[in-house]
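Undergrad: Just the structure for this:
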Amino acid sequence: MSPSLPQPAPADDEIDLGQLAASLRRRWRLIAQVAGGTLLLSAAVTLLQKPVWEGEFQIVLADPEKKQGGASQLLAQNPALASLIGTGGGGKDSLETEVKILESPSVLKPVFDFVKTSKQRAGENVDRLRYADWLKDDLEIKLEKGTSVLNLAYRDTDKALVLPVIDRISKAYQVYSGRDRERGLVRGVAYLDQQIELYRLRAVASLRAAQRFAIEQDLTALKGGGKGDEEVVNSLNIEAIRVQAANEIRNINEQLKQLRSLGSDPNSVMFQGLLIPELAAQGLPQRLNAIDNQLAFLRSKFTEREDSIRRLKEERSLLIGLLKTKAFGFLDAKRSAAQARLAAADRPKGVLIRYRELLRVAARDEATLNKLEDERRVLALEQARKPDPWQLISTPTLLDKPVSPSKGRNLALGLLAGLVLGSGAALVAERRSGRVFATDEFQAALPGPMLARLDPDAPESWAVTMALLASGPLAGSSTVALIPVADQGEPELAEALQRALQQATPGAQVLCTSDLVAAGTCQAQLLVARPGAITRPQLDALRQQLQLQGRPSLGWLLLQSTDA
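TA: Numbers count the residues shown, from 1 in each chain. Have a look, this model is predicted:
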């Protein structure tokens with residue numbers, strides 16, 4: 001039974017970079033032709049392209065928090081008013097929103113119309129020119145990272161049009177910077193005027209209601225001096241009056257009780273009278289005190305039977321009785337007055353509560369009206385102020401040289417594209433040729449191992465390899481067949497290889513033939529393969545023929561340059 005020959009190895013997904021590079025080297029002429037063609041084509045396109053000119057400027061977008069100037073504090077305290085005017089928080093999000101607004105037709109549509117009209121006058125067809133395409137292709141609007149600086153660039157093939165366009169854009173941005181502020185302030189002032197009129201009527205109505213209720217209930221007299229109907233609410237607290245009167249009555253009753261408990265003790269009566277301001281003001285306690293001092297002085301010199309002492313004691317008794325009588329009279333009078341105030345301050349249940357509610361509503365409406373008028377005054381002052389527009393930190397400028405086409409870049413891209421296309425074409429041509437160049441394909445198709453790699457450009461280096469073959473695998477073989485693995489072969493190389501092997505094995509007969517029948521009569525068979533000398537169908541047919549021959553092969557030799 002004939003030994004089976006190895007089958008071709010299945011293909012896998014791995015790419016042999018060495019074989020890929022070798023394939024590109026073999027097809028370098030095709031790659032050079034394609035690359036040269038694309039390079040010439042890119043050069044022609046570059047020469048035919050119109051130059052594109054660019055103009056640019058930089059502008060600082062004002063912080064939205066600072067747009068309202070002196071009104072910022074007012075708006076911070078009144079979010080509803082800030083929302084009406086159209087101000088918002090600062091930061092990255094608001095700046096990005098501002099940029100989107102600056103890209104919108106509401107700001108740049110007049111500039112686009114100017115560009116369209118100018119191109120139409122120059123004879124260009126602008127029927128298909130759209131704002132979105134113009135914004136995307138010709139304008140570059142970008143916010144400088146981490147800042148509020150906006151970079152704007154405009155490109156056009158018409159050099160004379162670039163500078164007027166970016167000049168109009170810069171002016172449109174500066175006009176926009178004050179447009180929203182003015183519109184917001186006008187809306188804010190109009191809103192406050194409406195609310196002021198509403199609360200002015202409401203404040204007058206609530207004040208009249210409080211006064212009418214006060215008159216009806218005899219609470220207090222209201223004094224003039226206010227707005228509307230020239231009336232304001234008195235700050236008199238009826239409940240406080242009632243409590244004060246009740247406490248005063250209670251205090252007087254206690255004083256009367258103490259006076260009655262004193263009896264006829266003259267000293268106690270005298271000191272109690274000193275606690276009553278009205279009696280002290282009349283001088284009775286002071287007079288009693290002076291009599292006591294005189295009595296003390298006279299008693300130090302005379303006896304109680306002395307006439308002067310007796311007269312002073314009588315006078316003292318009369319004054320104490322008078323003091324006691326007047327004390328009762330003053331306290332009774334004060335109690336009557338306090339009772340009268342208590343009765344005057346007494347009102348039906350709920351009257352005072354209702355009166356307080358009316359006073360509170362009137363005061364609240366008055367305070368709201370004052371606050372609205374203050375806010376309106378602030379916005380009116382802010383409206384009168386003319387703030388500076390957004391600041392241009394670089395004036396609109398036209399670059400000295402066109403930004404497109406870039407000759408160096410276009411040629412480099414053309415060359416790169418040519419190399420890529422040429423390499424692809426080379427790999428396709430290599431694949432379609434069907435020729436076998438890879439060593440692993442030979443290993444998979446040919447029987448036996450690869451015994452040696454010989455350089456076809458240096459036959460003089462074969463001698464050592466042939467000597468080793470003669471003393472090794474070919475030792476004892478009287479006939480050796482060299483079978484070229486090639487379509488029609490290369491007779492010069494085959495003959496040179498036959499001579500070299502013959503010189504290494506002088507006692508053997510070396511036959512170089514592609515006839516497998518004749519080669520089958522030899523004791524030893526050596527296959528000779530050279531990359532690119534045979535196609536895959538031919539290699540497959542040779543493998544099948546060797547399998548049918550049934551003779552074992554010692555191996556095969558590869559004729560390949562060392563730098564391949």
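
Undergrad: so what's residue 454 up against?
TA: For residue 454, the contact set (C-beta atoms under 8 Å, 6 or more residues apart in numbering) comprises 461-462, 465, 497, 557-560. C-betas here are computed from N, CA, C, even on glycine.

Undergrad: Out of those residues, which comes closest to residue 133?
TA: Proximity of these to residue 133 was ranked by C-beta to C-beta; the top entry is residue 560 with 58.7 Å.

Undergrad: Off-centre distance for the longest helix along the chain?
TA: As assigned by DSSP state H, the longest helix anywhere in the chain is helix 159-216. Counting by C-alpha atoms, centre = their mean, to the nearest Å, helix 159-216 is centred 30 Å from the centre of its parent chain.

Undergrad: which helices and strands sit right next to that helix?
TA: Judged by 3 or more C-beta pairs under 8 Å, 6 or more residues apart in numbering; DSSP states H and E, the packing partners of helix 159-216 are strand 53-60, helix 79-85, helix 92-102, helix 105-121, strand 149-156, helix 351-384, strand 391-398.

Undergrad: So for residue 491, which of the ones you listed sits nearest?
TA: Of all the helices and strands packed on helix 159-216, strand 149-156 sits nearest to residue 491, with 67.2 Å by C-beta to C-beta.

Undergrad: what's that closest one in contact with?
TA: Contacts of strand 149-156 (C-beta under 8 Å, 6+ apart): 52-61, 99, 102, 115, 138-144, 162, 165-166, 169-170, 173, 393, 403-404.

Undergrad: Drop anything exposed from these.
TA: 52-59, 61, 102, 115, 138-139, 141, 143, 162, 165-166, 169-170, 173 (16 or more other C-beta atoms under 10 Å).

Undergrad: Tell me the pLDDT of residue 265.
TA: In this model, residue 265 is scored at 63, pLDDT.

Undergrad: where exactly do the strands run in the protein?
TA: Using DSSP state E, the strands of the chain run over residues 53-60, 139-143, 149-156, 391-398, 450-454, 479-485, 509-512, 524-529, 555-559.

Undergrad: could those go into TSV alongside mean pLDDT and distance to residue 106?
TA: TSV is the format used below for the strands of the chain (pLDDT from 0 to 100; distance: least, C-beta to C-beta, whole Å):
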stretch	mean pLDDT	distance to residue 106
strand 53-60	88	17
strand 139-143	89	14
strand 149-156	90	17
strand 391-398	81	21
strand 450-454	88	77
strand 479-485	86	79
strand 509-512	88	90
strand 524-529	87	77
strand 555-559	87	77
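
Undergrad: and these, which is most packed in?
TA: strand 524-529 (a mean of 24; mean count of other C-beta atoms under 10 Å).

Undergrad: Residue 31 and residue 426, how far apart?
TA: Distance, residue 31 to residue 426, by C-beta to C-beta, to the nearest Å: 5 Å.

Undergrad: what do these two both touch?
TA: With C-beta under 8 Å, 6+ apart as the test, residue 31 and residue 426 both reach residue 24.

Undergrad: re the thing from before, give me the angle between the longest helix of the chain and helix 351-384.
TA: Computed by axes from the mean of the first three to the mean of the last three C-alpha atoms, to 10 degrees, the angle separating helix 159-216 from helix 351-384 equals 160 degrees.

Undergrad: now residue 326: how far from residue 289?
TA: The spacing between residue 326 and residue 289, counted by C-beta to C-beta, is 16 Å.

Undergrad: actually residue 378, not the one I wrote
TA: Separation of residue 378 from residue 289 (C-beta to C-beta): 68 Å.

Undergrad: Who has more neighbours out of these two?
TA: Neighbour count, other C-beta atoms under 10 Å: between residue 378 and residue 289, residue 378 has more, with 18 against 11.

Undergrad: Any stretches of the stretch 301-450 of the chain with poor pLDDT?
TA: Along the stretch 301-450 of the chain, the parts satisfying pLDDT under 70 run over 344-347, 349, 384-389, 405.

Undergrad: Save the helices and strands packed on helix 159-216 as a markdown table, and put in distance to residue 416 too.
TA: A markdown table is the format used below for those (distance: least, C-beta to C-beta, whole Å):
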| stretch | distance to residue 416 |
| --- | --- |
| strand 53-60 | 25 |
| helix 79-85 | 56 |
| helix 92-102 | 35 |
| helix 105-121 | 34 |
| strand 149-156 | 24 |
| helix 351-384 | 60 |
| strand 391-398 | 32 |
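
Undergrad: what's the closest of those to residue 245?
TA: helix 351-384 (14.6 Å).

Undergrad: Return the set of buried residues in the closest one.
TA: 351-352, 355, 358-359, 361-363, 365-366, 368-369, 372, 375-376, 378-379, 382-383.

Undergrad: could you measure residue 101 against residue 172, distance?
TA: Taking C-beta to C-beta, one finds residue 101 at 12 Å from residue 172.

Undergrad: quick one on the thing from earlier: now distance to residue 38 too, for the contacts of residue 454, in a markdown table please.
TA: As requested, the contacts of residue 454 are arranged in a markdown table below (distance: C-beta to C-beta, whole Å):
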| residue | distance to residue 38 |
| --- | --- |
| 461 | 42 |
| 462 | 44 |
| 465 | 45 |
| 497 | 43 |
| 557 | 42 |
| 558 | 37 |
| 559 | 36 |
| 560 | 33 |
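
Undergrad: which among these gets closest to residue 304?
TA: Set against residue 304, the nearest of the contacts of residue 454 by C-beta to C-beta is residue 560 (164.3 Å).

Undergrad: got a list of what the closest one touches?
TA: Residue 560 touches 439, 453-456, 530-531, counting by C-beta under 8 Å, 6+ apart.

Undergrad: quick one: which of those residues has the most company?
TA: Result: residue 454 is most packed of the contacts of residue 560 (other C-beta under 10 Å), 24 neighbours.

Undergrad: what's the distance between residue 543 and residue 527?
TA: 10 Å.

Undergrad: Overlap of the contact sets of the two?
TA: Common neighbours of residue 543 and residue 527 (criterion: C-beta under 8 Å, 6+ apart): 446-447.

Undergrad: angle of the longest helix of the chain against helix 105-121?
TA: 150 degrees.

Undergrad: Quick one: mean pLDDT over helix 159-216.
TA: Rounded mean pLDDT across helix 159-216 is 84.

Undergrad: likewise stretch 27-46?
TA: 82.

Undergrad: residue boundaries of the helices in the stretch 401-550 of the chain?
TA: Along the stretch 401-550 of the chain, the stretches classed as helices by DSSP state H, counting those that start in this stretch are 407-433, 439-445, 462-471, 491-504, 516-519, 536-549.

Undergrad: what's the closest of the ones you listed to residue 246?
TA: helix 407-433 (101.1 Å).

Undergrad: elements contacting the closest one?
TA: helix 17-26, helix 28-48.

Undergrad: ok, and for stretch 31-39, which residues are buried?
TA: Using 16+ other C-beta under 10 Å as the burial criterion, the residues of stretch 31-39 that qualify are 31, 34-35, 38-39.
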